[in-house]
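> what's the 3D shape of this:
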Amino acid sequence: MIKLTMPDGSVREYEKGTKAIDVAKSISEGLARVILAASYNNKTIDLQQELQEDGTIKFLKFEDEDGKHAFWHTSSHILAQAIKRIWPEAKLAIGPSIKDGFYYDIDLDYRIVEEDLEKIQAEMKKIVKENIKLERFELPRDEALKFMSDNKEPYKVELINDLPEDSIISFYKQGEFTDLCAGPHIESTKKVKAIKLLSIAGAYWRGSEKNKMLQRIYGITFDKAKNLEEHLNMLEEAKKRDHRKLGKELGLFFMSEEGPGFPFFLPKGVEVKNELVKFWREVHKEAGYVEVETPIILNKHLWETSGHWSHYKENMYTTMIDDEDYAIKPMNCPGGMLVYKNSPHSYKDFPIRVGELGRVHRHELSGALHGLMRVRTFTQDDAHIFMLPNQIKDEIKNVANLIDRIYKTFGFSYSVELSTRPEDFLGDIKDWDIAENALESALKELGLDYKINEGDGAFYGPKIDFKIRDCIGREWQCGTIQLDYQLPQRFELEYIGADGQKHRPIMIHRVALGSLERFFGVLIEQYAGAFPTWIAPVQVKILPISDKFNDYAMSVKKDLEAKGIKVVLDDRSEKIGYKIREAQLEKTPYMFVVGEKEKESNTVAVRERSKGDIGSMSIDEIASTIINKIVNRENDSPQV
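Numbers count the residues shown, from 1 in each chain. Predicted coordinates:
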């Protein structure tokens, strides 16, 4: 007999070799009908897998991330099977599940076009209706090689050749179709209820430009038709909010062929960035941080000490100065270590909270570049907190509260994940246990729901990740809190303890916004370019009805600017309707229309972005309303 611990903590006994699906059926036939896979001792498995030892078990539905993974992984096999039915000569490469769906790379002389996607999709639906069971089997490496060679699948042969000679290779059979695969998969094709193939792209085999260009087909599937409809609506909404499109239309930033991955920010974009920085500095000053600035270029010795020269050099830009190797910093941390070492420290100094808005450069592959979301230079809102072991929990809570304040200001909800010790960790297990307990205890005391990612911590320490959720449901990785025992050791950081002896401090790396540029891109999409008044690059646009009111409009402009409001005067000889429409397209929070009546009464006719015409108001009255929104950083975007 084996003992299985359920998610609620209860323990049940089963015969050794019982399948996961039969365990589910013993609990509830209804449960067995809706589950897709299982998590057995923290490893995702097929429902047909036999359980041979005591352990924990959890059943996964489509709502679970690992459940989606198995569902979309199976969907990629359905796609490959459909392609082989239509084009038997196609050679299969790889077909994984990804964050939002799946893809399959194929080698085919025929060039697949958009019109072919409907045909492939129709064949996939036939495969679903056939209710084909997925059956796992294993072969020794030599037999696996022969099997794939006989099936004329050279890419699979190459993958098998990369495995050790004593490997046992797993396959999944799906009717007449068999694929090399580690799994896991769902039990049958029939559970895939809604299918949509999204696009075709080129992809080099194994990501190398030296290899052949393959055809990649992206798709998405769901267990319910309504979920697919909601997802497609979200994709359409995302297109409207694309920060690259809006960034150009609103005059915020642009990218140039002269500098791929190096964004150019225009005056309006700089205004938004400056407000972000102003907010960041205000929040951090209130939280007891000091701000530093470290050099962009530092010599090879520093990067050897930090470990970047041996582990990250391919992503670094390097140069020679006075016959010595230097690198443009990809991270702020090593410079922060030198700041700490610049002066002696006592245990009485802790905690020391040091923030830096540091410009970093990383050599990202050209194919990975994506607007502001993936660039080659960006400003990282780093902070390094040096502390005593007994201060870890309180500092984690302080950082979590700071991040919470920042995200809520912009209208973001978020999820939290705790990543624990990986297999290739550095340091003492005792230190890891203390750190993990401190992080988890802090999250519990804050009342934050969190997910544990076993073994997904950095090699130098456990971490907490914050994923913000925007108004259309997408998640973005931004904030991170990482405990680090490695850099203080590498840089021999010290302080004098209460015992008069030298000790090594504990250190936290953390970011709240992450990349300032990426966060800016996320904000553009969150608000669809209609920024809240406090952060908008132009807060008021004054629109004279005709040229003869330009002088009055200019006096209004000067009055508002004196009060700290960002104003633009549109004194062109255009019709007022045209000016209003243009200001609306620019998503300006307030428009002040001025004519004879306004001039005589020393007022303005106010149009608010989300409400339209709200009537005539005195300058002081409307200015007070706007200033109140700015001071309180009110989230008045119509998009949220």
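> quick one, what contacts L446?
Residues touching L446, when contacts are defined by C-beta atoms under 8 Å, 6 or more residues apart in numbering, comprise 397, 400-401. C-beta: built from backbone N, CA, C; applies to glycine.
> ramachandran angles for it?
Backbone dihedrals for L446, given as degrees, to the nearest 10, come out at phi -80, psi -10.
> dump the host helix or strand of E517 to PDB, restricted to CA.
In this assignment (DSSP states H and E), E517 forms part of helix 516-527. Coordinates of each C-alpha in helix 516-527 appear next as PDB, following Å, rounded to 0.1, in the frame of the first residue of the first chain:
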ATOM      1  CA  LEU A 516      11.400  52.000 -16.200                       C
ATOM      2  CA  GLU A 517      11.100  51.700 -20.000                       C
ATOM      3  CA  ARG A 518       9.100  48.400 -19.800                       C
ATOM      4  CA  PHE A 519       6.900  49.800 -17.100                       C
ATOM      5  CA  PHE A 520       6.200  52.800 -19.300                       C
ATOM      6  CA  GLY A 521       5.200  50.400 -22.100                       C
ATOM      7  CA  VAL A 522       2.900  48.500 -19.700                       C
ATOM      8  CA  LEU A 523       1.300  51.900 -18.600                       C
ATOM      9  CA  ILE A 524       0.600  52.900 -22.200                       C
ATOM     10  CA  GLU A 525      -1.200  49.600 -22.700                       C
ATOM     11  CA  GLN A 526      -2.900  49.700 -19.300                       C
ATOM     12  CA  TYR A 527      -4.400  53.100 -20.000                       C
END
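> can you list the domain ranges for the protein.
Segmentation of the chain into domains, based on automatic domain parsing, reads 2-61, 66-227, 249-294+329-527, 540-631.
> the longest one: end-to-end distance?
Just to be clear, that refers to domain 249-294+329-527. Domain 249-294+329-527 has its terminal residues 14 Å apart, counting by C-alpha to C-alpha, to the nearest Å.
> what is the mean pLDDT for that domain?
Averaging pLDDT along domain 249-294+329-527 yields 91.
> kindly report the same for stretch 103-113.
Rounded to a whole number, the mean pLDDT of stretch 103-113 is 96.
> buried sites along that stretch?
The neighbour-count check on stretch 103-113 (16 or more other C-beta atoms under 10 Å) flags 103-107, 112 as buried.
> which one of those residues is nearest I321?
Comparing those against I321 with C-beta to C-beta places D105 closest, at 43.1 Å.
> so that closest one sits against Y218, correct?
No. The pair D105 / Y218 is not scored as a contact, 10.6 Å apart, by C-beta atoms under 8 Å.
> so which residues of the stretch 401-550 of the chain form helices?
When secondary structure is read from DSSP state H, counting those that start in this stretch, the stretch 401-550 of the chain shows helices at 429-446, 486-490, 516-527, 550-562.
> what does the third one rub up against?
What that stands for is helix 516-527. Contact with helix 516-527 is made by 238, 241-243, 246-247, 252, 263, 269, 272-273, 276-277, 357, 371-375, 378-381, 410-412, 468, 470-471, 474, 476, 478, 513, 531, 535, 637, 639-640, as judged by C-beta under 8 Å, 6+ apart.
> generate a ChimeraX selection restricted to the buried subset of those residues.
Applying 16+ other C-beta under 10 Å to the contacts of helix 516-527 leaves a buried subset, and the ChimeraX line that selects it is:
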select :241,243,246,247,252,263,269,272,273,276,357,371,372,373,374,375,378,379,380,381,410,411,412,468,470,471,474,476,478,513,531,535,637,639
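> could you list which of the contacts of helix 516-527 belong to strands?
Within the contacts of helix 516-527, membership in strands is found for 357, 378-381, 468, 476, 478, 513, as judged by DSSP state E.
> which helix or strand contains the closest residue to A24 other than its chain neighbours?
Taking C-beta to C-beta, 6 or more residues apart in numbering as the measure, A24 lies nearest to A32, with 4.3 Å between them; neighbours along the chain are not counted. A32 is part of helix 29-34, with elements assigned from DSSP H and E.
> CA atoms only for that helix, dumped as CSV, please.
Below are the C-alpha coordinates for helix 29-34, written out as CSV (Å, rounded to 0.1, in the frame of the first residue of the first chain):
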residue,chain,number,x,y,z
GLU,A,29,-16.4,11.0,-10.7
GLY,A,30,-17.1,14.6,-11.3
LEU,A,31,-13.5,15.5,-10.4
ALA,A,32,-12.1,12.8,-12.7
ARG,A,33,-14.1,14.3,-15.7
VAL,A,34,-12.7,17.8,-15.4
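> distance to C181 for the buried residues of stretch 103-113 - can I get that in JSON lines?
JSON lines is the format used below for these (distance: C-beta to C-beta, whole Å):
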{"residue": "Y103", "distance to C181": "15"}
{"residue": "Y104", "distance to C181": "12"}
{"residue": "D105", "distance to C181": "14"}
{"residue": "I106", "distance to C181": "15"}
{"residue": "D107", "distance to C181": "18"}
{"residue": "I112", "distance to C181": "22"}
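> and which of the residues you listed is nearest K599?
Once C-beta to C-beta is applied, the member of the buried residues of stretch 103-113 that ends up nearest K599 is Y103, at 62.3 Å.
> doesn't that closest one lie inside a strand?
Yes. When the secondary structure is assigned by DSSP: H, G, I helix; E, B strand; the rest coil, Y103 falls within a strand.
> all numbers from here: first residue = 264
I'll keep to 264 as the first residue from here, and by that count the last item is Y366.
> list the beta-bridge partners for it.
On the basis of DSSP bridges, Y366 is bridged to Y481.
> identify the residues contacting it.
The neighbourhood of Y366, defined by C-beta under 8 Å, 6+ apart, consists of 339, 358-359, 479-482.
> also A457?
Under the contact definition (C-beta under 8 Å, 6+ apart), the residues listed for A457 are 484-488, 490-491.
> what's the neighbour count on the residue lying closest to it once chain neighbours are set aside?
Taking C-beta to C-beta, 6+ apart, and ignoring the residues beside it in sequence, A457 has L491 as its nearest neighbour in space, at 3.7 Å. By the criterion of other C-beta atoms under 10 Å, L491 has 17 neighbours.
> and the average pLDDT for the helix or strand encompassing L491 is what?
With elements taken from DSSP H and E, the one containing L491 is helix 488-503. This predicted structure assigns helix 488-503 an average pLDDT of 91.
> ok, the nearest residue to L498 once chain neighbours are set aside to G482 distance?
Of all residues beyond its chain neighbours, the one nearest L498 is L461 (7.9 Å), with distances taken as C-beta to C-beta, 6+ apart. L461 sits 6 Å away from G482, going by C-beta to C-beta, to the nearest Å.
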